[in-house]
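Q: let's see this in three dimensions:
(one chain, ligands or ions: 1)
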Amino acid sequence: MEKKRLHLIIADAELETVPETIVDHPAIVNYAKRRKKKPERVILDSTYHHSALRQLEDGGRRGRPDIVHICLLNALDSILNKEDRLRVYVHTRNDYVIYIDPTTRLPRNYNRFIGLMESLFEKGAVPEDLKLLRLEKKSLNDLISEIKPDAVFIMHENGEFMIPKHFGKLLSKFKRPIVIVGGFPHGDFRSKVEGIKISLYREPLMAWTIVNEVIVSYEWEVIK
Ligand SMILES: C[S@@+](CC[C@H](N)C(=O)[O-])C[C@H]1O[C@@H](n2cnc3c(N)ncnc32)[C@H](O)[C@@H]1O
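A: As a prediction, the model looks like this:
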């Protein structure tokens, strides 16, 4: 019999390589030079590319690979993942999907994580032999169809309110539930997806906090 597993998607994540329109911006050129990389190969990062981001549409929310890093560390190091009850995916603003092998040990160090993401965007899989991380061009809706879930929940500040404990109970009624968490700092999802919107708290929280709450609430129901 198939094990019950939670499929967690960090969606519309603000993770991308530097867009073509700003590759010549001094903030990008200098940063790339310092890192001995081609400007178009570096990952956009609001901490270092703030002035260049002002020239981009949605510049106020783009360049946030740190959100993906923290969410993934929390998810992959969770008890749920160690018990093989979790699959994690990252879907990005430009419709790329990162498939993550559950045994992956991500770099704890942020700069190393950025280096890994740069290799992934360049090569399509890392490490090249083991392919623990794989990148494919894919929309959020196509990823959802591929997983073949029996329920889709979208974590949203304006969703139906439910305390995490009750959400865990609800999730545990399904075999292959998908939970979608926005991998962006402000605003709403860009992708249009059908699903049940759930709010876990009366205020907006950071994506990694919601990731933790969801994982632990489900874990308490399925791991006895
Ligand atoms: C930092 S929030 C997104 C930004 C938020 N809309 C804002 O403008 O502050 C990142 C993600 O965390 C999840 N999230 C944040 N607060 C939540 C809440 N109270 N209940 C459920 N999910 C929440 C949602 O999936 C959201 O897309």
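
Q: domain assignment for this structure?
A: 6-15+64-107+131-222, 20-61 (the TED database).

Q: and residue 113, which of those is closest to it?
A: Counting by Cβ to Cβ, residue 113 lies closest to domain 6-15+64-107+131-222 out of the domains of the chain; the figure is 4.8 Å. Placement of C-beta: from N, CA and C, glycine included.

Q: that older thread, most packed of the domains of the chain?
A: Comparing the domains of the chain by mean neighbour count (mean count of other Cβ atoms under 10 Å), domain 6-15+64-107+131-222 comes out on top with a mean of 18.

Q: is the ligand within reach of that domain?
A: Yes. Using Cβ under 6 Å from any ligand atom, domain 6-15+64-107+131-222 reaches the ligand at 155-157, 181-182, 184-187, 199-201, 204-207, 210.

Q: in this structure, which spans are helices?
A: 26-34, 46-53, 65-76, 79-82, 110-123, 140-147, 164-171, 207-222 (DSSP state H).

Q: mean pLDDT for those - can I get that in a markdown table?
A: What follows is those, written out as a markdown table (pLDDT from 0 to 100):
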| stretch | mean pLDDT |
| --- | --- |
| helix 26-34 | 97 |
| helix 46-53 | 97 |
| helix 65-76 | 98 |
| helix 79-82 | 98 |
| helix 110-123 | 97 |
| helix 140-147 | 98 |
| helix 164-171 | 98 |
| helix 207-222 | 98 |
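
Q: out of these, which is closest to residue 95?
A: Residue 95 sits nearest to helix 140-147 of all the helices of the chain, at 7.5 Å, using Cβ to Cβ.
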